[in-house]
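Novice: Quick check, what structure comes out for this input:
(2 chains)
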Amino acid sequence: MPPEKASPSRNDADHWVAVILRVGAYGSVALLLLGLLLWAALPGLIGIQVMRVGVLVLMSTPAVRIVTLLFVYLRARDWKYALISFVVLLIVLASSLLGINL
Amino acid sequence: MTLAYALILVLIGFLSGSLGAIVGLGGGIIIIPVLALYFHLPFPQAIGASLVSVIATSTATSSVHVERHVTDMKLGMTLELGTTIGAAIAAMVAHSVNRKILGVLFIAFLLYSALSLVRRAWASRLEKTETEVPAYTVRNYPIGLAASLVAGAFSGLLGVGGGPIKVPVMYLFMGVPLRVATATSNFMIGVTAATSAYIYYGHGDIRLDVVVPLVIGVFSGSMLGARLAPSVRSVYVQFLLIGVMLFLAVQMALRIASGGLS
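Specialist: Residues are numbered from 1 along each chain as shown, chains lettered A, B, ... in the order given. Below you'll find the predicted structure:
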């Protein structure tokens, strides 16, 4: 056991969250660069659309991170933090629905 | 927006991202006044662009912190209850708040952040760099949640990450070691900024032509800054940033006084 009071799920959680964050960050920036190239090389809207997807991927990565932790806590039967993650997810989803409907 | 503008935006993102990562400050506090003052973006569009950059910085750098096990994700998730509610409400209200009031609030936050950097620069004379994270027990959750609500509201209203509010509260009142507090605050910022970014997106305040070059710059800058951070004497960078922040605060005050902030 590590010296600090780690719950059994901590290392598992750390690993998966790090993966999700990395994929979201590098993936979205790659999409932005690709979109920029397409925009410069091709006529039409395809480049802009790819960039838009890149920005949306970036903006949704934090929400995906919450879902990841929710599953990690559920699997570890850590109901308290599963519930907290679920409530945070609800707030974030409510905000995104509000944004879409503006 | 022309190519030259886009390149300048990449550069601005790169500088604020790298310098911010070295001293542990998100780039938003620099990006917003620069966009509002020199690119003449309406304040909400500057905030929208900053929110997306802040998500990029937080996501990129916290993947590293999480892997090194310095982020307290349970604490982060709990405090996100506060930051997300604060951010959502503030982002909804922001559109109907008078721009002049927003500007003045922003200047106040800018000065407060500069002050907290001064304090940190002063404290870091004596401080030994912590290598091991000491054992700790988190206490005073109510205070933490209240501070998180305020930090979230500032984030939704002004487009900043709110680190200078959360980190001292976690460190001083909740018994969290400074390194863990910084990493955890950074971890929360992505979710907080995303919550308000959705609403700014809905209002059409997230402009691709501004956001794309900015995010590319901020992302590469913060990756470089995070790598350089251990080997750079951060005191010099702290003083540089304090100077920049004070300059921007004065410029913003002058702009507001002349009625030019849109």
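
Novice: Pull up the distance across stretch A:37-53, start to finish.
Specialist: 14 Å (CA to CA, to the nearest Å).

Novice: How about it and chain B, any contact?
Specialist: Yes. Looking at stretch A:37-53 against chain B by CB under 8 Å from any CB of the partner chain, the contacts come from A:Ile48, A:Met51, A:Arg52. Where C-beta positions appear, they are placed from N, C-alpha and C, glycine not excepted.

Novice: List the buried residues for that stretch?
Specialist: Counting neighbours by 16 or more other CB atoms under 10 Å in any protein chain shown, one finds that the buried residues in stretch A:37-53 are A:Leu38, A:Trp39, A:Gly47, A:Ile48, A:Val50, A:Met51, A:Arg52.

Novice: Give me the residues contacting that stretch.
Specialist: Outside stretch A:37-53, the residues within contact range by CB atoms under 8 Å, 6 or more residues apart in numbering or on different chains are A:Leu31, A:Leu32, A:Leu34, A:Gly35, A:Leu36, B:Leu208, B:Val212.

Novice: make it 6 Å
Specialist: Contact partners of stretch A:37-53, identified using CB atoms under 6 Å, 6 or more residues apart in numbering or on different chains, comprise A:Leu31, A:Leu32, A:Leu34, A:Gly35, B:Leu208, B:Val212.

Novice: of all the residues of stretch A:37-53 next to chain B, which comes closest to chain B?
Specialist: Taking CB to the nearest CB as the measure, chain B sits nearest to A:Met51 out of the residues of stretch A:37-53 next to chain B, at 5.2 Å.

Novice: so who does B:Ile22 touch?
Specialist: For B:Ile22, the set of contacting residues under the criterion of CB under 6 Å, 6+ apart consists of B:Gly225, B:Ala229, B:Val232, B:Ser234, B:Val237.

Novice: Go through those and flag which are in helices.
Specialist: The members of those that map onto helices under DSSP state H are B:Gly225, B:Ser234, B:Val237.

Novice: so how many other residues sit close to the last one?
Specialist: Around B:Val237 there are 22 other residues, counting by other CB atoms under 10 Å in any protein chain shown.

Novice: do the same with the one 4 residues further on
Specialist: The tally of other residues near B:Leu241 (other CB under 10 Å) stands at 23.

Novice: Please apply the same query to the one 3 residues further on.
Specialist: Neighbouring residues of B:Val244 were enumerated by other CB under 10 Å; the total is 18.

Novice: buried stuff in the helix or strand harbouring it?
Specialist: In this structure, B:Val244 sits in helix B:234-257 according to DSSP states H and E. For helix B:234-257, burial by neighbour count (16+ other CB under 10 Å) applies to B:234, B:237-238, B:241-242, B:244-245, B:248-249, B:251-252, B:255-256.

Novice: May I have the predicted confidence score for residue 28?
Specialist: Picking chain A for this. Predicted confidence (pLDDT) at A:Ser28: the value is 96.

Novice: meant chain B, my bad for not saying
Specialist: The per-residue confidence score, pLDDT, reads 87 for B:Gly28.

Novice: List the residues that contact it.
Specialist: B:Ser50, B:Val54, B:Gly159, B:Val160, B:Gly161.

Novice: Go through these and name the one nearest A:Gly24.
Specialist: Out of these, the one with the shortest distance to A:Gly24 is B:Val54. That distance is 14.1 Å, counting by CB to CB.

Novice: Find the residue at the geometric middle of chain A.
Specialist: The residue at the geometric middle of chain A, judged as the C-alpha nearest the mean C-alpha position with CA atoms, centre = their mean, is A:Thr61 (2.0 Å).

Novice: mean confidence score for the helix or strand containing it?
Specialist: Counting by DSSP H and E, the secondary-structure element that holds A:Thr61 is helix A:46-75. Confidence for helix A:46-75, expressed as mean pLDDT, is 95.

Novice: Likewise for stretch B:108-117?
Specialist: Per-residue confidence for stretch B:108-117 averages out to 90 on the pLDDT scale.

Novice: And stretch B:77-86, by the same measure?
Specialist: Rounded to a whole number, the mean pLDDT of stretch B:77-86 is 97.

Novice: Briefly note if that stretch comes near chain A.
Specialist: Yes. Applying CB under 6 Å from any CB of the partner chain, one finds that stretch B:77-86 is in contact with chain A at B:Met77, B:Thr78, B:Glu80, B:Leu81, B:Thr84, B:Ile85.

Novice: Tell me which two in those residues are the farthest apart.
Specialist: Across the residues of stretch B:77-86 next to chain A, the two lying at the largest distance from each other (CB to CB) are B:Met77 and B:Ile85, at 13.6 Å.

Novice: more crowded one of the two?
Specialist: For the pair B:Met77 and B:Ile85, the greater number of neighbours falls to B:Met77 (26 against 22), based on other CB under 10 Å.

Novice: what's the helix or strand for that one?
Specialist: Of the helices and strands defined by DSSP H and E, B:Met77 is found in helix B:73-94.

Novice: Tell me how many other residues crowd B:Phe14.
Specialist: Other residues near B:Phe14 number 22, with proximity taken as other CB under 10 Å.

Novice: Is it correct that it is in contact with B:Gly221?
Specialist: Yes. Shown here, B:Phe14 and B:Gly221 form a contact pair, counting by CB atoms under 6 Å, at 3.9 Å.

Novice: chain center to the longest helix along chain A, what's the gap?
Specialist: Secondary structure of chain A read by DSSP H shows that its longest helix is helix A:10-41. Taking CA atoms, centre = their mean, to the nearest Å, one finds the center of helix A:10-41 at 9 Å from the center of the full chain.
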